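J.: output the structure for:
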Amino acid sequence: MSLVRLNIKGISYSQTQSGAYALVLSEVDGERTLPIIIGAFEAQSIAIALEKEIKPPRPLTHDLFKTFADRFHIGIKQVIIHKLVDGVFYSSLICEYDKVEEIIDARTSDAIALAIRFNAPIFTFENILDKAGIILKVKDESKLEKSKFKMEDLVADLQDVEEEGEKGAFVEESMEKLQELLEKAVADEDYEMAAKIRDEISKREKK
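T.: Here you go, the predicted structure:
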């Protein structure tokens, strides 16, 4: 299976659910995007890593990991989102120590927070993008830009917010209705909701 390189397109917060965020990744040489639901702490950590001028008073967990790895000459060469099961993305860190590669399992949000800090590329497999990718229209691209929160606001306001989940909200909807809801969620820039609907569709298509 071929690997597809991804860039971080942005992070948007849900207008309806406190503590839920959508990390939007986009393929480098294509139009598909991959929304991934993450918690507030991970969103904050990713935002801080992207916004170089913001320095927390004490190192976050991912910063501590980076310092520890640097001290012992451990590097992260790349991150691979390698599996999608029931709406959950699974990732691996490809690490190197003393010229020996090791593969370490990680939550996707943690893996991406570390990839930014190590300047490591992010990849996924073509079949995962085929299954879970969403193509944004031009107007949706501009809406995503407007829906991005300010990094400073996230750092200041979300220290104690915990990740929340919302499962089974669409189990009684038909596939046709889910497709309509997916299109509406994307059009309304609610990428967190779009990701959840997409995950429900993916689960049904596997059956």
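
J.: what is the longest helix anywhere in the chain packed up against?
T.: Assignment by DSSP state H gives helix 191-206 as the longest helix of the chain. On a contact count with 3 or more Cβ pairs under 8 Å, 6 or more residues apart in numbering; DSSP states H and E, helix 191-206 meets strand 3-13, strand 21-27, strand 32-38, helix 126-132, helix 175-187. C-beta coordinates here come from the backbone N, C-alpha and C atoms, glycine included.

J.: residue 206 is nearest to which of the ones you listed?
T.: helix 126-132 (9.1 Å; Cβ to Cβ).

J.: same for that closest one, what does it pack against?
T.: For helix 126-132, the packing partners by 3+ Cβ pairs under 8 Å, 6+ apart are strand 3-13, strand 32-38, strand 74-85, helix 191-206.

J.: which of those is buried the deepest?
T.: strand 32-38 (a mean of 24; mean count of other Cβ atoms under 10 Å).

J.: helices or strands next to that one in the packing?
T.: Counting contacts by 3+ Cβ pairs under 8 Å, 6+ apart, strand 32-38 is packed against strand 3-13, strand 21-27, helix 108-118, helix 126-132, strand 134-135, helix 191-206.

J.: tabulate these (a markdown table), appending distance to residue 36 and mean pLDDT.
T.: Putting the helices and strands packed on strand 32-38 into a markdown table (distance: least, Cβ to Cβ, whole Å; pLDDT from 0 to 100) gives the following:
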| stretch | distance to residue 36 | mean pLDDT |
| --- | --- | --- |
| strand 3-13 | 10 | 89 |
| strand 21-27 | 5 | 90 |
| helix 108-118 | 6 | 96 |
| helix 126-132 | 9 | 92 |
| strand 134-135 | 11 | 83 |
| helix 191-206 | 7 | 80 |
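
J.: would you list the ones you listed in a markdown table and tack on distance to residue 69?
T.: A markdown table is the format used below for these (distance: least, Cβ to Cβ, whole Å):
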| stretch | distance to residue 69 |
| --- | --- |
| strand 3-13 | 21 |
| strand 21-27 | 22 |
| helix 108-118 | 8 |
| helix 126-132 | 27 |
| strand 134-135 | 33 |
| helix 191-206 | 30 |
